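# I need the structure of the sequence given here:
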Amino acid sequence: MYLRAERDLLNVILNSFHIASSPVIITFPTVILCAELQSVDMYIELENTNTSTVEMRSHMPPPKRQRVSHQTVSKVTAATMKAHLTIENFHDGETVHQRCIIIKGIYSTTVPWNDFVTISSSDGTTKTFPPQTWPLDASRFKAIAFLSPGKNILTITRSSTDAEDPAPTILTLNYIPLLQTPALHLAIMVAKDSPLLIDCPPSKYGRLSTAHSSLDAAVAKIRMAAYMWQAFTAEDMRMKGLGRRSFRLEEEFAVDTTSQSFMSIDDSAPRMQSTAKVHIIRSSKTVAELRDADVAQQNEAARNRNKLFDYFLDALASHGAPFEESSRPVVAGMLLDAHFSTAQNMILGHAALGCHNPEGVSLGMMGSHLAYSFPRFVEEVTESLRDTRVPGRTVGNDNGECATFWEACCVGQGAFLHEVGHAFGAPHTTGIMARGYPRHWARNFLTTTARAAHTREPEVYVDGERTMNDARWDLRDALSFRMLPHFWMPGDKKIKETGARTSAPVVSVVNPEMEDVGVEIYCVAGIASIEFNGEAEEEPSVAEPYKKVFFERKELENRFDPEEELKLHILGMNGRSKTVKDLWRVFASSEYARIPGSDVVLRKRSVMTKDLEESDDGKDKFWSWATLLTKETPNGKILRASSIDVRTGCILDGAYVKFPDGTKVNCGPRISRWAGGDHLHEFGGHAAEDVHWPKGEEIVKIQVAREDNILCGMRIHFENGKAGGALSGNEDDPYQTREETLTLGKWADAIEFNDGADK
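Numbering: from 1, shown residues only. Predicted structure coming up:
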């Protein structure tokens, strides 16, 4: 046991010595101490004798801060160290635009035992949010803080019974909500005869069986989850160099459930303030209809596995504002009546689906079957993400990854955010959009994770960027979000060019047949990065994007072997990318074409599917075709096409270019692959239209609709304002019209298209 008198006596003895290069031997009763004299560390080593010999050696401290293990630092040393707190992701006086934030801090000394930090919030005169306590692990902490509009004075205090507390740290933040930006809406759909309960294992009940299973609990859980998504997204965007940007949540003046203190002060007068609004949407379907196994997404034998998505859209439409299609809302929707059937061993009434519809309602939805593991308020965040209890057999083990409560929380919150990512337009990329959340979601909010029962992974100390974390947004998705009005920040430059959000980078050969021939890389939204053979160029970058970059062929030949493939990858500031398998081939297939036997040079304008636009590195075969709109007759006369027969069906089958002499040319495959290839290919198309080309009129633009791997339709516009051709064969079905329409400007030389179909 440590004795104060022995410590004082030892300090007197130590102060009487001059530190020399040779060891100083002191005989003293058995004790383990560590003292510090100016900048020289003193280590006292103990021998196991009744009267111990203590040897002091001096050495200079290491040049960098080293993490000290829990076994090598005593409490006396830690108490005498002057701990200084560094806030890693905020600066004092910063302006933020999200109500919920993540604060990361590190103390200058390593604290080897369980410590805590407490964050108190005020506006200078009034407490704005209840004090919150967060664990401190090996000098690091992460904390969630809720801000109030205006000035927020956050007082961060380290509290411990084992050490001398350092002085509190003050962090001042200015919160300005961006009410001019569209919000993410939260909605819970309930059956018309719903019992208004969600699945919850008995071990989660506590003193009240409905504490985690009632409709009120579900509202609190989706609200808290959404604020966690907001805080995570803002921090992830900041780390990617895109500024602290995130979506705004639709808020209302209502009972706030983000803190347990709001609910326990006085049940008759709960805390009223601005908080995220959760819409309760009544479905026209019964519980039995929603829980029909034939519409259960996880039932491989189901005939309508996506039908619940339509049910949710119908319920939103019936509810009215703010879910009108004209408002273009983005919605995070929970299916309250999801339920695990022990008899069928299946999660019913659940579908994890998301879809971005720029012309209507964008919805990301998830069942409530894992919501029992979500925190209801901020005080439950750490507990929910560290709870190693086993849920048991009464609730569903989604994807076999929910072996403990905390893993269920990661899967539930992460999968829900994954679907919201789809609603914002993100495809399956990496990170959150590639199921990186089951193992790593908790790492965004904790400094030490719990042991994972599913993967048998031990506790992990989250040491900043040095710790792997797949529960983040892919950079392409983050850049794509940045182009949405939901993620707008003051100071963002508005890009007025058409197609800024959807246009992929373009690679073109410039100065053909000249000495300074080269490739020009262009992206209307700006170029974030360029890679040759997987190695990134120093410029451009996310911090300093360029709109246009030119590489002369001679320069490329000096840097790379022309006999080997030169792979080029470009990432645009809109998240769209372009991959060229072999850049040398681009020089051989220039967009400029010379007419044989003449001095006429034509420039081709191309449209291709999204998949081909982003990469030609795939193994799929595809047709690349071009057709002139004029032809030479045997007597040397030039004929212009009289009509273009656009053959639109379920996809764009192709087109016929027809001439006055009765001949026609296929725009697309010329020879049928059937019947031994002896017959001309015939196009179908239930929405086909033969578009007459009036004499004296010019084609001013051509619109082409496309999806990821198909061209959907084509429409031709003339100078007189007339147009013809169908952009889609599914125009009567709003749920099927998901294509993007591209426009080619004034031209009349040729038509060229590339599609991904193997015809």
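# okay, CA-based contacts and neighbour counts for the rest of this
Fine.
# mind checking the SS state of residue 585?
Secondary structure assignment for residue 585 (DSSP: H, G, I helix; E, B strand; the rest coil): helix.
# neighbours around it, how many?
When neighbours are counted by other Cα atoms under 10 Å, residue 585 registers 12.
# and what of residue 403?
Residue 403 has 19 neighbours, counted by other Cα under 10 Å.
# how about residue 125?
Counted with other Cα under 10 Å, residues neighbouring residue 125 total 7.
# next one: phi and psi at it?
Per-residue torsions, residue 125: phi -130, psi -30 (degrees, to the nearest 10).
# quick one: it from residue 153, how far?
Noted for residue 125: a distance of 10 Å to residue 153, by Cα to Cα, to the nearest Å.
# next one: residue 459
34 Å.
# next helix or strand past the helix or strand where residue 222 lies?
In this assignment (DSSP states H and E), residue 222 forms part of helix 215-239. Remark: after helix 215-239, the chain's next helix or strand is strand 248-249, criterion DSSP H and E.
# pull up the pairing partners for that following strand, direction included.
strand 183-190 (parallel) (DSSP bridges).
# contacts for the partner strand, please.
By Cα atoms under 8 Å, 6 or more residues apart in numbering, the residues outside strand 183-190 that reach it are 196, 219, 222-223, 247-250, 276-283, 312, 315, 329-337, 486.
# quick check: domain ranges of this structure?
4-61, 85-175, 183-482, 496-590, 618-759 (automatic domain parsing).
# worst average pLDDT in those domains?
If you rank the domains of the chain by mean pLDDT, domain 4-61 sits at the bottom with a mean of 38.
# how about the helix holding residue 222: buried residues?
215, 217-237 (16 or more other Cα atoms under 10 Å).
# following the top strand by length along the chain, which helix or strand shows up next?
In the chain, taking DSSP state E as the definition, the longest strand is strand 518-532. Counting by DSSP H and E, the next helix or strand C-terminal to strand 518-532 is strand 535-536.
# who does that next one pair with, and is each partner parallel or antiparallel?
Here, using DSSP bridges, strand 535-536 pairs with strand 518-532 (antiparallel).
# which strand or helix spans the residue lying closest to residue 519 once chain neighbours are set aside?
Leaving aside its sequence neighbours, residue 519 sits nearest to residue 509 (Cα to Cα, 6 or more residues apart in numbering; 4.5 Å). Following DSSP H and E, one finds residue 509 within strand 506-510.
# one more: residue 333?
Residue-wise, residue 333 maps onto strand 330-335 under DSSP H and E.
# adjacent strands (with direction) for that strand?
In the sheet, strand 330-335 lines up with strand 183-190 (parallel), strand 362-367 (parallel) (DSSP bridges).
# need the next SSE after that strand, C-terminal direction.
Downstream of strand 330-335 (by DSSP H and E), the next one is strand 339-341.
# what helices or strands is that following strand leaning on?
Strand 339-341 is packed against strand 346-348, with contacts defined by 3 or more Cα pairs under 8 Å, 6 or more residues apart in numbering; DSSP states H and E.
# so what does the strand it packs on touch, helix or strand wise?
Checking 3+ Cα pairs under 8 Å, 6+ apart, strand 346-348 ends up next to strand 339-341.
# mind listing the strands the strand it packs on pairs with, and their directions?
Paired with strand 339-341 in the same sheet, following DSSP bridges, are strand 346-348 (antiparallel).
# quick one: contacts for the closest residue to residue 425 other than its chain neighbours?
The shortest distance from residue 425 to any non-neighbouring residue, by Cα to Cα, 6+ apart, is to residue 356 (5.0 Å). The neighbours of residue 356, taking Cα under 8 Å, 6+ apart as the test, are 362-363, 422-425.
# okay, the residues you listed in TSV with neighbour count and distance to residue 294 next?
Formatted as TSV, the contacts of residue 356 follow (neighbours: other Cα atoms under 10 Å; distance: Cα to Cα, whole Å):
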residue	neighbour count	distance to residue 294
362	23	24
363	26	22
422	22	24
423	26	25
424	25	28
425	19	28
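# switch these over to a markdown table; also include distance to residue 499.
What follows is the contacts of residue 356, written out as a markdown table (distance: Cα to Cα, whole Å):
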| residue | distance to residue 499 |
| --- | --- |
| 362 | 20 |
| 363 | 23 |
| 422 | 20 |
| 423 | 19 |
| 424 | 17 |
| 425 | 15 |
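# widest-spaced pair of those residues?
Taking Cα to Cα, the two most distant members of these are 363 and 425; they sit 10.2 Å apart.
# shared neighbours, the two?
Common neighbours of residue 363 and residue 425, using Cα under 8 Å, 6+ apart, are 355-356.
# and residue 603, what pLDDT?
Residue 603 is given a pLDDT of 63.
# next one: residue 616
At residue 616, pLDDT is 65.
# strand 330-335 and the helix holding residue 222, what's the angle between them?
Orientation check (axes from the mean of the first three to the mean of the last three Cα atoms, to 10 degrees): helix 215-239 against strand 330-335 gives 140 degrees.
# elements contacting helix 215-239?
strand 100-107, strand 183-190, strand 248-249, strand 278-282.
# can you tell me which of those strands is most buried?
Mean neighbour count (mean count of other Cα atoms under 10 Å) peaks for strand 248-249 among those, with a mean of 25.
# how distant is that strand from the center of its chain?
Offset of strand 248-249 from its chain centre (Cα atoms, centre = their mean, to the nearest Å): 16 Å.
# buried stuff in the helix or strand that it is followed by?
Sequence-wise, the next helix or strand downstream of strand 248-249 (DSSP H and E) is strand 251-255. For strand 251-255, a neighbour-count test (16+ other Cα under 10 Å) marks 251, 255 as buried.
# go on, stretch 437-455?
Buried, per 16+ other Cα under 10 Å, within stretch 437-455: 437-453.
# all helices for this structure, in order.
For the chain, the helices defined by DSSP state H cover 4-15, 75-80, 215-239, 260-264, 287-290, 307-319, 381-384, 405-423, 437-440, 475-482, 553-559, 583-588, 610-614.
# report the buried residues of the fifth one.
Of all the residues in helix 287-290, those buried under the rule 16+ other Cα under 10 Å are 287, 290.
# nearest residue to the middle of the chain?
residue 473 (3.1 Å; Cα atoms, centre = their mean).
# was I right about that residue contacting residue 434?
No. Using Cα atoms under 8 Å, residue 473 makes no contact with residue 434, being 9.6 Å away.
# between the two ends of stretch 298-305, how far is it?
8 Å.
# who touches that stretch?
293-297, 346-347, 351.
# 7 Å instead, please
293-297 (Cα atoms under 7 Å, 6 or more residues apart in numbering).
# looking at those residues, which is nearest residue 108?
Distances from residue 108 to the contacts of stretch 298-305, taken by Cα to Cα, are shortest for residue 297, at 50.6 Å.
# please work out how many residues are found near the nearest residue to the closest one once chain neighbours are set aside.
Once flanking residues are discounted, residue 297 sits nearest to residue 305: 4.5 Å by Cα to Cα, 6+ apart. Counted by other Cα under 10 Å, the residues lying close to residue 305 total 18.
# got it, and residue 632?
Residue 632: 10 surrounding residues under other Cα under 10 Å.
# roughly how far apart are it and residue 692?
Look at residue 632 and residue 692: by Cα to Cα, they are 20 Å apart.
# go on, residue 712?
21 Å.
# of the two, who's got more company?
residue 712 (28 against 16).
# residues in contact with the more buried one?
651-652, 705-706, 727-728.
# against residue 684, how distant is it?
In terms of Cα to Cα, residue 712 sits 13 Å off from residue 684.
# all strands for the stretch 651-759 of the chain, in order.
Using DSSP state E, counting those that start in this stretch, the strands of the stretch 651-759 of the chain run over residues 652-658, 664-667, 689-692, 699-706, 711-718, 723-724, 740-744, 750-754.
# thanks again, I'm all set now.
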